[in-house]
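Asker: I need the structure of the sequence given here:
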Amino acid sequence: MTKKTLFVHIGTHKTATTFLQSRLSRNEKALSELSLIYPKAARIHEAHFKLGWQIKKMAAHQPLAGAGDWGDVIEEINASKARAGVVSSEELGIYCDPNKLSDLKKNFDVRIICYLRSPDGFMQSFYNQFIKDFSTRETRTLNTYIAEEELGFLNTRQWMSPWIDVFGAKAISLRLFDDVVRAEGGILADFLKVCGAKKIPTFNPPQVSVVHKVSLPPDLLEYLRRANAGLAESEGHYQFVVRLLGLAGKHGDALQTTRAGILSLKARQTLRKRYAGPNTWIANALLNSNENPFLWKDAPLPPSDFDQRPEEADAATLGRIAALIQNNIEKTPKSSVG
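Answerer: Alright, predicted model coming up:
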């Protein structure tokens, strides 16, 4: 009996994973036209986060069929008429031991899909998320964070080579995020083509959490960084971030006076040089290329007034943001507050 294919999308973080997961979860009919199934089992919101969590708790080489959330996913795919299943969770990527997934090869023809950003682009976007997420509530500046942390998530060879060891290079589709998003159809079309689609059907629009989708502009990011130490309750933190994102939508252009969360050109080039070896290795292993896809000389420039901006907000800037927050509260109808 011919095995079905299982496409395992492992991220990485900050490569439109939430967007993709929303499109996949809200378009069952369109996926069925492609003979694909995005299992309902093991989802938290629209991603298969439970699969990554289960793997972290399991011993190596433990059977997956019939075991917890993975067992439910395997059963749902095999019970369907689809030629292939698709699971998606960035929790399966950088911090997951793929040896614990080797058992999947007994049930499926496994294909791994991974989108990759430049180390500097990844770092800048990830830092913004570290400040917004309640679980991390980062309080250090971007430069201090880079100086103090190991940044293992930027070492592609370190976390990608185990996937190659377990599933083989031919089973892995590594995609360069910046190239994909500029191409016709964007990341959704690219993802579906990797999954074997010859023609892309009409998809319903995504429903994406603003907290996960939108980056805060520099001044609001700096304000939240300063506030994080005192925001100890998760729902209160979430509502505060949502309020800041509302301000970003209304006053984003006026909230660009600091360097908060923005890498200098030198810092971008330094990160690209630092991880040139791992990225050249990964290009050779998975992209059929001997050239690092993220050359230091191609690093993008920061805003033109970057050198005139302070790294941290002064009292006047913090006061201006506090006033914006207060004015926004005052303009909110009482019936919609609380």
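
Asker: Identify the residues contacting residue 51.
Answerer: Contacts for residue 51 (Cβ atoms under 8 Å, 6 or more residues apart in numbering) come out as 42, 69, 70, 73, 87, 89, 91, 92. Just so you know, the C-beta spots here come from the backbone N, C-alpha and C atoms, and that holds for glycine as well.

Asker: That one - that's part of a strand, no?
Answerer: No - using DSSP: H, G, I helix; E, B strand; the rest coil, the assignment for residue 51 is helix, not a strand.

Asker: Give the closest residue to it in space, chain neighbours not counted.
Answerer: Spatial nearest neighbour of residue 51, chain neighbours left out: residue 42 (5.1 Å); criterion: Cβ to Cβ, 6 or more residues apart in numbering.

Asker: Same check on residue 188?
Answerer: Residue 188 sits nearest to residue 23 (Cβ to Cβ, 6+ apart), 5.5 Å away.

Asker: hang on, the earlier thing: tell me which two of the contacts of residue 51 sit farthest apart.
Answerer: The span of the contacts of residue 51, defined through Cβ to Cβ, is set by 73 and 91 at 13.9 Å.

Asker: Report how many residues lie close to residue 184.
Answerer: Neighbours of residue 184 under the rule other Cβ atoms under 10 Å: 6.

Asker: Quick check on it: phi, psi?
Answerer: When read as degrees, to the nearest 10, the backbone of residue 184 gives phi -60, psi 130.

Asker: Return the distance of it relative to residue 193.
Answerer: Going from residue 184 to residue 193 by Cβ to Cβ, to the nearest Å gives 11 Å.

Asker: for residue 327, same thing?
Answerer: 47 Å.

Asker: More neighbours: the two, which one.
Answerer: Set residue 327 next to residue 193 and count neighbours by other Cβ under 10 Å: residue 193 wins out with 14 against 11.

Asker: Check the average confidence over stretch 113-129, would you?
Answerer: The average pLDDT for stretch 113-129 rounds to 97.

Asker: so how far is that stretch off the chain centroid?
Answerer: 7 Å (Cα atoms, centre = their mean, to the nearest Å).

Asker: Provide a list of residues in contact with residue 299.
Answerer: Here residue 299 is in contact with 118, 120, 265, 268, 269, 272 (Cβ under 8 Å, 6+ apart).

Asker: contacting residues around the lengthiest helix in the chain?
Answerer: Longest helix of the chain, by residue count under DSSP state H: helix 234-251. Contacts to helix 234-251, defined as Cβ under 8 Å, 6+ apart, come from residues 132, 134, 137, 210-211, 214, 216-217, 220, 223-224, 227-228, 231, 255, 321, 324-325, 328-329.

Asker: May I have the next helix or strand after it exported as CSV, CA atoms only?
Answerer: Sequence order places helix 265-274 as the next helix or strand after helix 234-251, per DSSP states H and E. Provided in CSV are the C-alpha atoms of helix 265-274 (Å, rounded to 0.1, in the frame of the first residue of the first chain):
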residue,chain,number,x,y,z
LEU,A,265,23.9,48.7,9.3
LYS,A,266,27.1,47.7,11.1
ALA,A,267,25.1,45.4,13.5
ARG,A,268,23.3,43.8,10.5
GLN,A,269,26.6,43.2,8.7
THR,A,270,28.2,41.8,11.9
LEU,A,271,25.4,39.3,12.3
ARG,A,272,25.6,38.2,8.7
LYS,A,273,29.3,37.8,8.9
ARG,A,274,29.0,35.9,12.3
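
Asker: Mind listing what's buried along helix 265-274?
Answerer: The neighbour-count check on helix 265-274 (16 or more other Cβ atoms under 10 Å) flags 267, 268, 269, 270, 271, 272, 274 as buried.

Asker: That one packs against which elements?
Answerer: helix 119-132, helix 142-148 (3 or more Cβ pairs under 8 Å, 6 or more residues apart in numbering; DSSP states H and E).

Asker: Please state the offset of the shortest one from the chain centre?
Answerer: The reference is to helix 142-148. 20 Å.

Asker: Would you mind listing where this structure has pLDDT under the threshold?
Answerer: 1, 207-213, 330-338 (pLDDT under 70).

Asker: Walking through the stretch 101-250 of the chain, point out its strands one by one.
Answerer: 108-116, 172-176 (DSSP state E, counting those that start in this stretch).

Asker: winner for burial among these?
Answerer: Greatest average neighbour count among the strands of the stretch 101-250 of the chain goes to strand 108-116 (a mean of 22), per mean count of other Cβ atoms under 10 Å.

Asker: quick one: it to strand 172-176, angle?
Answerer: Orientation check (axes from the mean of the first three to the mean of the last three Cα atoms, to 10 degrees): strand 108-116 against strand 172-176 gives 20 degrees.

Asker: partners of strand 108-116, with directions?
Answerer: Strand partners for strand 108-116, identified by DSSP bridges, are recorded as strand 4-9 (parallel), strand 172-176 (parallel).

Asker: And the contacts of it?
Answerer: Here strand 108-116 has contacts from 3-12, 15-17, 77, 85, 93, 101, 104, 156, 160, 163, 167, 171-177, 180, 187, 191, 194-195, 282, 293, using Cβ under 8 Å, 6+ apart.
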